[in-house]
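# Sequence unavailable; structure follows:
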């Protein structure tokens with residue numbers, strides 16, 4: 001590829017700008033490229049339609065699958081357009097026919113058919129003529145720099161083809177059925193014409209008319225490719241040119257070539273200037289050699305310099321010392337183990353030791369956290385006061401009767417909710433004042449139960465039964481049975497009550513216990 005004669009301005013561009021350059025290349029001769037594509041593709045489309053008339057779907061798939069076959073002639077003409085104006089239509093057809101069955105075409109139509117980089121590496125085969133490992137290296141180099149943009153170009157092309165082809169089919173369908181969207185979509189249930197239109201569509205696609213519409217779709221797609229195929233090839237070709245420009249520095253080579261051409265006309269003048277400079281230097285007297293100094297004089301100067309400080313010289317120095325001036329005598333005798341270098345532990349041993357220390361610290365922190373949770377945190381101290389109200393109920397000892405169990409049984413016959421409320425707040429008052437259980441105004445029944453489990457496990461059985469029945473009555477309005485209330489009163493007297501437990505509780509409503 002002779003880049004010196006190119007009509008394009010080779011400079012580093014972004015990949016998207018390179019794709020846009022492909023559209024400009026196509027716009028220079030659009031009808032020529034669309035005519036070339038139609039010349040090579042439409043006869044094959046007619047043959048496939050005639051052979052596969054009963055199977056239009058397979059015909060459409062083959063039209064799409066054979067699309068790489070027609071990209072070679074388009075690329076051959078575009079490669080000439082980069083350097084000179086393309087020839088006439090007849091010469092383009094002759095040139096395209098020679099490039100129709102290009103090398104590596106079988107791979108492009110089989111295992112490489114779904115490759116998104118096909119349009120990017122096609123110039124490597126057709127224009128550079130590479131094969132084997134050289135071809136693979138060049139393709140990998142191009143893909144690393146512009147493979148993503150080539151993939152996006154193919155992704156856009158697939159959707160563009162589908163949208164436009166089906167749009168043309170819908171337009172034909174619209175003209176055929178006199179605005180079917182209004183009949184089917186506008187009034188899908190209230191209009192009788194909607195049902196008639198749907199039945200007609202079903203009958204049409206079950207019979208020969210459905211096959212006809214499939215062939216209409218294939219024809220629309222084949223005509224669409226006459227426009228999109230050359231444009232797709234042009235974008236891939238300019239993306240290839242831009243990638244090589246950035247990789248091989250084509251713009252730098254072109255700039256150097258322009259500088260060389262600009263200076264070629266003044267070469268004789270440069271030689272004249274150079275000759276004048278050399279002659280001036282030759283006639284100049286400043287280049288006469290001077291006589292060397294006497295060797296004996298040089299030796300005298302050298303001796304004088306070397307005999308002065310800071311160079312070593314022989315001198316006399318007087319020093320006064322205490323007992324002895326032997327500086328090494330005052331040093332302690334060196335130990336034998338000091339002479340050997342200290343061996344360092346291996347790296348894996350240090351890593352294991354660090355891991356063990358970290359694990360030990362983690363265990364200590366976990367134990368401290370567990371102790372903190374079991375002891376209710378650090379907010380509870382011996383002098384902390386119990387709140388007077390909890391869950392909207394007073395829990396002060398002055399607000400409770402002397403015999404709570406008897407009062408609960410007596411109240412149960414009149415108001416079970418008030419009775420169980422009295423038992424619950426009496427229990428809260430007892431665990432708060434007698435056992436020192438931390439209670440806060442923001443606590444819930446579940447938090448109190450958890451704190452009882454951690455701090456007073458001997459009260460857990462009673463407190464779990466009391467909490468379950470209180471929550472069921474307070475929130476679910478499920479009234480506890482008589483036996484349950486009697487059992488709660490027995491346990492209250494056993495673990496919290498001030499009146500000693502003796503015998504069984506009397507029946508409700510017949511006196512205190």
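Nice, thanks for sending it over. Computed from a predicted model, the values in this text were never measured in an experiment.

# domains of this protein?
3-255, 347-378, 389-495 (automatic domain parsing).

# mind listing what residue 86 touches?
Contacts for residue 86 were tallied using Cβ atoms under 8 Å, 6 or more residues apart in numbering; they are 29, 32, 77, 80, 92. For glycine as for every other residue, the C-beta is placed from the backbone atoms N, C-alpha and C.

# The fourth one touches residue 91, doesn't it?
This means residue 80. No: between residue 80 and residue 91 there is no contact under Cβ atoms under 8 Å: 9.8 Å.

# before we move on, back to that, output the domains of the chain in JSON lines, with distance to residue 309 and mean pLDDT appended to each entry.
Putting these into JSON lines (distance: least, Cβ to Cβ, whole Å; pLDDT from 0 to 100) gives the following:
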{"stretch": "domain 3-255", "distance to residue 309": "59", "mean pLDDT": "82"}
{"stretch": "domain 347-378", "distance to residue 309": "51", "mean pLDDT": "78"}
{"stretch": "domain 389-495", "distance to residue 309": "85", "mean pLDDT": "84"}
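
# Output those as TSV; include the columns distance to residue 275.
Shown next, in TSV, are the domains of the chain (distance: least, Cβ to Cβ, whole Å):
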stretch	distance to residue 275
domain 3-255	30
domain 347-378	71
domain 389-495	103
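
# Can you tell me, leaving aside adjacent residues, what's nearest to the most centrally placed residue in the chain?
Residue closest to the mean C-alpha point of the chain, counted by Cα atoms, centre = their mean, is residue 148 at 16.2 Å. Closest residue in space to residue 148, ignoring its immediate chain neighbours: residue 15 at 7.8 Å, by Cβ to Cβ, 6 or more residues apart in numbering.

# What about the one you found, how many residues nearby?
Residue 15 sits with 20 neighbouring residues when counted by other Cβ atoms under 10 Å.

# That one touches residue 153, doesn't it?
No: using Cβ under 8 Å, residue 15 is not in contact with residue 153, being 9.2 Å away.

# Mind listing the shared neighbours of these two?
Going by Cβ under 8 Å, 6+ apart, residues that sit against residue 15 and also against residue 153 are residue 239.

# contacting residues for residue 479?
Residue 479 touches 416, 417, 473, counting by Cβ under 8 Å, 6+ apart.

# Specify which member of these is nearest to residue 466.
residue 473 (10.8 Å; Cβ to Cβ).

# Would you mind listing the buried residues in the helix or strand harbouring the closest one?
Using DSSP states H and E, the element containing residue 473 is helix 460-475. By 16 or more other Cβ atoms under 10 Å, the buried positions in helix 460-475 come out as 462, 463, 466, 467, 469, 470, 471, 473.

# and it, what does it pack onto?
helix 416-433, helix 445-455, helix 482-495 (3 or more Cβ pairs under 8 Å, 6 or more residues apart in numbering; DSSP states H and E).

# roughly how far out does that helix sit from the chain middle?
Relative to its chain's centre, helix 460-475 lies at 52 Å (Cα atoms, centre = their mean, to the nearest Å).

# With stretch 88-95 instead?
The answer for stretch 88-95 is 50 Å, by Cα atoms, centre = their mean.

# Give the buried residues for that stretch.
92, 93, 95.

# just curious, which of those is nearest to residue 105?
Of the buried residues of stretch 88-95, the one sitting nearest to residue 105 (Cβ to Cβ) turns out to be residue 95, at 16.6 Å.

# pretty sure that closest one is touching residue 76, no?
Yes: checked against Cβ under 8 Å, the pair residue 95 and residue 76 is within contact range at 5.5 Å.

# ok, residue 35 to residue 406 distance?
Distance of residue 35 to residue 406, computed by Cβ to Cβ, to the nearest Å: 111 Å.
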